[in-house]
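Peer 1: Output the structure for:
(2 chains)
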Amino acid sequence: MNKIKNTFNNIFIETKFKRHHKTLEILDNIVENQEIRYIDDILSFMKDNDGAINPDVRSKTLFLGGMRGEILRKCPGSYGHICCNYSVINLYIGCPINCSYCILQSYLNQPATIINVDIENIFSNLRNIFSASKDRLFRIGTGELGDSLVYDDITNYSIDFVNFFTEFDNAIFEFKTKTDKIANLLKIIPNKGNIVVGFSVNPDIIINSEEKNAAALDDRINAMRLLIQKGYLIALHFDPLILIDNFEYEYETVIKKIFLQIESKKIQWISLGAFRYTTDLKKAIQSNYPDTKILAEEFALCEDKKFRYLRPVRAQLYKFILNTLKSARSDVPVYFCMESPQIWNELKPHNEQIKKIVFGDKI
Amino acid sequence: MLGKIISNKDVSELVVSGAVDGSFTSDLPYKSEIFRNLNLVCNNSGKFYLLIDNRAEFSVYYDAPLCDSVKRFITDFLEMKQNDLRTSYRLIDISLKLGLEKGEIEDIFKIIRWKAGDAGWEYYNKIGTFSQKLKDLVFDNKVSLNYALLFVKIFENDAYDDFLNIVPDTITFSERNLILERVAEISLKNNASLDEIIRIVQKSKENIVDTIYNIRNPLFTKINSIFNVFLKKLKLTNKVVYDKYFENENYKLEIHFKNIDNLMNLLEKRKLDLENYVNNGGKDYFITSNLFSDSASDE
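Peer 2: Predicted coordinates:
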């Protein structure tokens, strides 16, 4: 069940997009009695407003406008760690789900959640890029700086993206989410087979304590089931894997629940990534979620300046998940997100399929 | 708006309404010694406000509303340094005692380098709940406010001064921050009480920084200890460069030598030490799987 009702106390709109059809569509879905203010330039707006670090505060202010810079960017990956060759479109910047571990707390300092309404610009850029590199396979998602579906009930973007990607053979598009906001996706049929809905999954005990506004695990699994019936492909992201008491029991329960209801051949890929943080993220977590226990484990400072569980602990977590997936008769390709070559070599999670889909044959 | 310095004799002529007994103004950080012991008087629509210090000889008088007068008093006479939380905190106290409105005080936050808006109030209120000992540590820049907040959040119902009292004065600012952070994390992870932690620290022969680190990181401490014993047995202590957290197996051996003969001798000696270790059944802990499995099984 959706926990998030998208309500905003303040709405700002970039003047240039005042009459844009997407702006009007979004406003239709959210405006109650809020005052709407129009501003000429997003950059000066950001400068004039104090950065709100607390995600709760940020998610109460909405900014609708266009975005500058490159439309399609390579996921930054992590120095000294193996990257999964993913590209991202920044459609949303900011997320109201409020996960205690979320890296956005340290990335973002703007006072508002930004929704990019300039969809024509996004699509025309993508069209040019895909046409210019027809022999390359693109894996693209919108879930880097925000959840791909959490605002879908007000933007209806999922319909636009599914329809757009139907045109292309060399691109796979992934919605990454912790919600079950799939009503729009169920209205259309993904003909091409290149639309993946990736669900981040965790045990309910973690969802309840660390993913404040995310959908319950059962609701996410139910959403997966409905999407598969409609013809969508699914991806699973065990990311972040969080070390908790009864780790094995809790994660085994998640895997069993999923594979009991979801046919493994409908799952396109599975990613595993143990919880990691930067120094800035640790400060943000301590300030925003002082009661969380996720920082109380033992961590190693890695080459990319991120802290991760000690190597033997990570290896043990991954090994357990890989074995449990095997026992659940999963033959789904698995890859690690931002892991070291040592962990990859030790556990060798990938198979030929993942090499092809995720890494373009090169790891 | 200019301030006028007037003698306290003249002040006594004014109607004192809403005056605050403020002997606390005398040790504010004045820009000059000359300004020390000033009182504040202002004409707030004909109602005179006063901040009185009986020891003061002079007062500064502003013919302006109270909030503007306080702001001018701060900017004209005080030297607001970065991180002078004691002064900032006291100026908020003074502003409250003078009866300034919430919004007016938020205007003052900026000039006293305090966190803006609601967050500023949250900080002020939380510091108000600190023990005097912790307040002094924060105000004397012996511990960061953020770490103090984290510590109090976890131990607000404990007699945490008992712990603060066993932390020696001689340790550095960062060491003290780390101690508070790690103790909070130990408690979060193991539900350990401060009393238990105090007992362990008092029993330990190591210094408090290392003791707390080891309690906080038992597995890493074990791994590190096995590896250090291993290096010692190989007579390679301080000669091997390696990833501190054993994230990889890239080891480098540092050898200082003067000429070929000298290098050959040193290599021969190293070889003998290694052979000796292996012949005595020593395990290769450069192979991290050995190191990790023995660390886990020994726990």
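Peer 1: near chain B, which residues of chain A show up?
Peer 2: A:50, A:283, A:286-287, A:290-293, A:295-298, A:300-303, A:310-313, A:315, A:340-342 (C-beta under 8 Å from any C-beta of the partner chain). Yep, even glycine has a C-beta here, placed from its N, CA and C like the rest.
Peer 1: For chain A, give me its nearest residue in the stretch 51-200 of chain B.
Peer 2: residue B:189 (3.7 Å; C-beta to the nearest C-beta).
Peer 1: Which residue is the nearest non-sequential neighbour of that residue?
Peer 2: residue A:296 (3.7 Å; C-beta to C-beta, 6 or more residues apart in numbering or on different chains).
Peer 1: how many neighbours does the one you found have?
Peer 2: 17 (other C-beta atoms under 10 Å in any protein chain shown).
Peer 1: got the contact list for it?
Peer 2: B:185, B:186, B:188, B:189 (C-beta atoms under 8 Å, 6 or more residues apart in numbering or on different chains).
Peer 1: so the second one touches residue B:192, yeah?
Peer 2: Yes. With contacts counted by C-beta atoms under 8 Å, residue B:186 reaches residue B:192, the gap being 5.4 Å.
Peer 1: What does the pLDDT read for the nearest residue to residue A:293 once chain neighbours are set aside?
Peer 2: Spatial nearest neighbour of residue A:293, chain neighbours left out: residue B:188 (4.9 Å); criterion: C-beta to C-beta, 6+ apart. Per-residue confidence (pLDDT) for residue B:188: 92.
Peer 1: how distant is the one helix or strand residue B:188 maps to from the center of its chain?
Peer 2: Using DSSP states H and E, residue B:188 sits in helix B:173-190. Centroid displacement of helix B:173-190 relative to its chain, using C-alpha atoms, centre = their mean, to the nearest Å, is 11 Å.
Peer 1: Show me what that helix packs onto, helices and strands only.
Peer 2: helix B:145-155, helix B:194-203, helix B:208-216 (3 or more C-beta pairs under 8 Å, 6 or more residues apart in numbering or on different chains; DSSP states H and E).
Peer 1: angle of the next helix or strand after the last one against helix B:208-216?
Peer 2: This points to helix B:208-216. Downstream of helix B:208-216, the first helix or strand assigned by DSSP H and E is helix B:218-233. Between helix B:218-233 and helix B:208-216, the angle comes out at 110 degrees (axes from the mean of the first three to the mean of the last three C-alpha atoms, to 10 degrees).
Peer 1: what about chain B, any weak spots by pLDDT?
Peer 2: Applying pLDDT under 70 to chain B flags residues B:1, B:9-26, B:36-37, B:50-55, B:298-299.
Peer 1: do chain A as well
Peer 2: For chain A, the ranges with pLDDT under 70 are A:1-4, A:48-53, A:75-84, A:350-363.
Peer 1: still on that earlier bit, as CSV, the helices and strands packed on helix B:173-190 with distance to residue B:6 and mean neighbour count would be great.
Peer 2: Formatted as CSV, those follow (distance: least, C-beta to C-beta, whole Å; neighbours: other C-beta atoms under 10 Å in any protein chain shown):
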stretch, distance to residue B:6, mean neighbour count
helix B:145-155, 38, 20
helix B:194-203, 53, 14
helix B:208-216, 54, 19
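Peer 1: who in the stretch 101-250 of chain B is up against chain A?
Peer 2: Residues of the stretch 101-250 of chain B lying near chain A (C-beta under 8 Å from any C-beta): B:116-117, B:146, B:149-150, B:153-154, B:181, B:185-186, B:188-189, B:216-220, B:223, B:244-249.
Peer 1: 6 Å instead, please
Peer 2: Applying C-beta under 6 Å from any C-beta of the partner chain, one finds that the stretch 101-250 of chain B approaches chain A through B:150, B:153, B:185, B:188, B:189, B:217, B:219, B:220, B:245, B:247, B:248.
Peer 1: Out of the residues you listed, which is nearest to residue B:296?
Peer 2: Ranked by distance to residue B:296 (C-beta to C-beta), those are led by residue B:219 at 7.6 Å.
Peer 1: count of residues packed around the residue of the stretch 51-200 of chain B closest to chain A?
Peer 2: 15.
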